[in-house]
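# need the 3D shape of this:
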Amino acid sequence: MATKATGRHRADVEINVLESFELRSRRSIRESERARLSRLARKQAKKLAKKQAAERAANPERLQAVSSGRYLVRAQAKIKFYQRRPVRNIVTMTVASGLFATFALPAYAYNPDIAAMSRFTTTDAQAVASAADTQNLTVAAVNTVKYVRGTYESASASEIARQETLNAYRTYSGPTAADYILNPPYSKLDGGTILQVASKYVGTPYVFGGETPAGFDCSGFVAFVFSQFGVELPHSVHGQNRLGIMIKPEDAVPGDLVVFDDLSHDGIYAGNGNFYHSPRPGDSVKLAPIFTSNIHFVRLATK
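Got it, this is the predicted structure:
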């Protein structure tokens, strides 16, 4: 008959079963955790791969992806010289300018007005180049451009008058003071005749350095008048003042010289406080009052 187990043995058996169950439970938990972590790692890897693929598709030239473990290292792609923005801008502007000039050239070259002035009869370049009057056509075109693009300014009436006076003075061909000195028309020097000769040139325009009836300055007028009496005077107020004899104002008579004290001007005394003179640029020979008291009188010869 079998021996009935004691309570002590039953307790030992129960303890061993519980320990075995606890060991199996712990191992199962660890394996489940490792499996969970493995699944999580695979999911993260898939997400990273998808993100990397999307970035490569969006920026195939700018972004290169290099996988290093579970990290993603981005590297800047090197841009080629001809792909840089400044180079592309320059090339674009150059091409656009060339196209604009190419489209505009035929419209300008064969404009009806220009073609008529240049005597175009054909638009064939070879025919134009081989034409007999090609050189003449080129010169006409240059002259036309100079005329159209020339600059000019409108002149005032006084400037036009001045230019006309200078032109008349330069083209004067009548007798000069030197001619009259060699053959004077008057043999006697008297005041009345001097004033008569001086009055003939009233209205002659003032010309700086002038000494002919086309234009006088002050000393040129005096020298020209006295040359007709055989008196040779220098074309200078200083020189004419030195050749005469200074007289008192109350002794002055018509035909004497009126000389400014600073030797800046002179004329021919006409009596009664007046004198014939050639005043200044823009004016002309006239009989006028002596307008200053800073003068003296000079007599060239005994009247």
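
# for the stretch 101-250 of the chain, which spans come out with low pLDDT?
104-154 (pLDDT under 70).

# show me where it has strands.
211-212, 215-216, 245-247 (DSSP state E, counting those that start in this stretch).

# so which of those is the most packed in?
strand 215-216 (a mean of 26; mean count of other CB atoms under 10 Å). For the C-beta atoms, the positions are set from N, CA and C on the backbone; glycine is no exception.

# which helices and strands sit right next to that one?
helix 157-170 (3 or more CB pairs under 8 Å, 6 or more residues apart in numbering; DSSP states H and E).

# repeat the analysis, applying 10 Å as the threshold.
Judged by 3 or more CB pairs under 10 Å, 6 or more residues apart in numbering; DSSP states H and E, the packing partners of strand 215-216 are helix 157-170, helix 218-227.

# any residues touching that strand, and which ones?
The contact list for strand 215-216 (CB atoms under 10 Å, 6 or more residues apart in numbering) reads 165-166, 168-170, 172, 201, 204-210, 221-225, 277-278, 284-285.

# just the buried members of those residues?
The neighbour-count criterion (16 or more other CB atoms under 10 Å) marks 165-166, 169, 201, 204-207, 210, 221-225, 277-278, 284-285 among these as buried.

# that older thread, the strands of the stretch 101-250 of the chain: which one's closest to residue 58?
Among the strands of the stretch 101-250 of the chain, the nearest to residue 58 by CB to CB is strand 215-216 (90.2 Å).

# tell me where the chain has helices.
Using DSSP state H, the helices of the chain run over 7-58, 85-109, 112-118, 125-129, 134-149, 157-170, 177-182, 191-199, 218-227, 237-243.

# what's the end-to-end length of stretch 256-276?
With CA to CA, to the nearest Å as the measure, stretch 256-276 spans 11 Å from end to end.

# got the buried residues for it?
Buried residues in stretch 256-276 (16+ other CB under 10 Å): 256-260, 265-270, 274-276.

# these two touch, right, residue 290 and residue 275?
Yes. With contact defined as CB atoms under 10 Å, residue 290 reaches residue 275; the gap is 5.6 Å.

# which residue packs closest to residue 215, ignoring adjacent ones?
residue 207 (2.9 Å; CB to CB, 6 or more residues apart in numbering).

# which phi and psi does the one you found have?
Note on residue 207: backbone dihedrals following degrees, to the nearest 10 are phi -130, psi 130.

# on that earlier part again, Throw the helices and strands packed on strand 215-216 into JSON lines and include distance to residue 87, thanks.
Formatted as JSON lines, the helices and strands packed on strand 215-216 follow (distance: least, CB to CB, whole Å):
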{"stretch": "helix 157-170", "distance to residue 87": "57"}
{"stretch": "helix 218-227", "distance to residue 87": "74"}
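
# and those: which comes nearest residue 178?
Closest to residue 178 of the helices and strands packed on strand 215-216, according to CB to CB: helix 218-227, at 7.6 Å.

# need the max-distance pair from the buried residues of stretch 256-276.
Once CB to CB is applied, these give 260 and 270 as the farthest pair, at 16.3 Å.

# burial measure for the nearest residue to residue 263 once chain neighbours are set aside, as a count.
Leaving out its chain neighbours, the residue that sits closest to residue 263 by CB to CB, 6+ apart is residue 237, at 5.0 Å. Residue 237 sits with 20 neighbouring residues when counted by other CB atoms under 10 Å.

# could you measure from residue 237 over to residue 231?
16 Å (CB to CB, to the nearest Å).

# before we move on, what about residue 275?
Taking CB to CB, one finds residue 275 at 18 Å from residue 231.

# now residue 249
23 Å.

# out of those two, which sits in the more crowded spot?
Neighbours per residue, other CB under 10 Å: of residue 249 and residue 231, the larger number sits with residue 231, 19 against 13.
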